[in-house]
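Visitor: Got a sequence here, can you build the structure:
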Amino acid sequence: MSSNTSGIGTSLNSNFYLRKFYSRNRDVLKSSKRSDFTAEELSYEDTIALKNAAKALSSFSYDSNTTNGANLYGTVKAFVQVYNNALSSGSEVDDKKIERQIKNLKDLTSKHADDLEKIGLSIEKNGKITISENLLKSASVEDVKKVFDKDNGYMRSAISSAKKINNNTFSILYAQATGLGGKINITL
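Guide: Below you'll find the model as predicted:
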């Protein structure tokens, strides 16, 4: 395996990190099970996973350790899937506050498009991220650090948006569960 200064390589599979990020509810991870959840439930779980993924990347030890660089590849790949899931599910929730935060998240990602493209992550018109496997594998650890390090505003803002979406989704789910905030309160 090559040195991390020339590429982040591959070691742990992104599925390992996805299971870690969705540790609260792994059923949400399975495409066959996602249809069993409401948009609000998916958005709630996806934004928890997005916070976990962003925190993992922002606290990553960006050093010359080969295994660490190899694990960085799986973490970035899992982050992209979680990010795309959060955009999809959040866009399905009928709530102006969540719509605004989804837009903020897309705008934030677009703002960092040049740095993301440098490491093989492209922004689609709908705001989702696509991965160029070869570019990501050959990206330098320094270039990945530039995008995802805790000192970069991208990760701090992504975590903040994910928290806001999650809190708003929780409020919707709570209101649905308790019957509060609906048009008719049938509590006896």
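Visitor: okay, which residue is most central for this protein?
Guide: Residue closest to the average C-alpha location in the chain (C-alpha atoms, centre = their mean): residue 83, at 3.0 Å.
Visitor: wait, what's in contact with it?
Guide: Residue 83 is in contact with 50, 53, 109, 128, 129, 158, counting by C-beta atoms under 8 Å, 6 or more residues apart in numbering. Every C-beta, even on glycine, is put in place using the N, C-alpha and C of the backbone.
Visitor: could you show me where the helices are in the chain, in order?
Guide: 14-21, 31-34, 39-58, 66-92, 96-111, 113-118, 133-138, 141-148, 153-178 (DSSP state H).
Visitor: In a markdown table, list those helices along with mean pLDDT and distance to residue 124.
Guide: Shown next, in a markdown table, are the helices of the chain (pLDDT from 0 to 100; distance: least, C-beta to C-beta, whole Å):
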| stretch | mean pLDDT | distance to residue 124 |
| --- | --- | --- |
| helix 14-21 | 92 | 19 |
| helix 31-34 | 90 | 19 |
| helix 39-58 | 94 | 17 |
| helix 66-92 | 86 | 9 |
| helix 96-111 | 95 | 10 |
| helix 113-118 | 94 | 11 |
| helix 133-138 | 90 | 16 |
| helix 141-148 | 89 | 17 |
| helix 153-178 | 92 | 17 |
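Visitor: Thanks a lot, catch you later.
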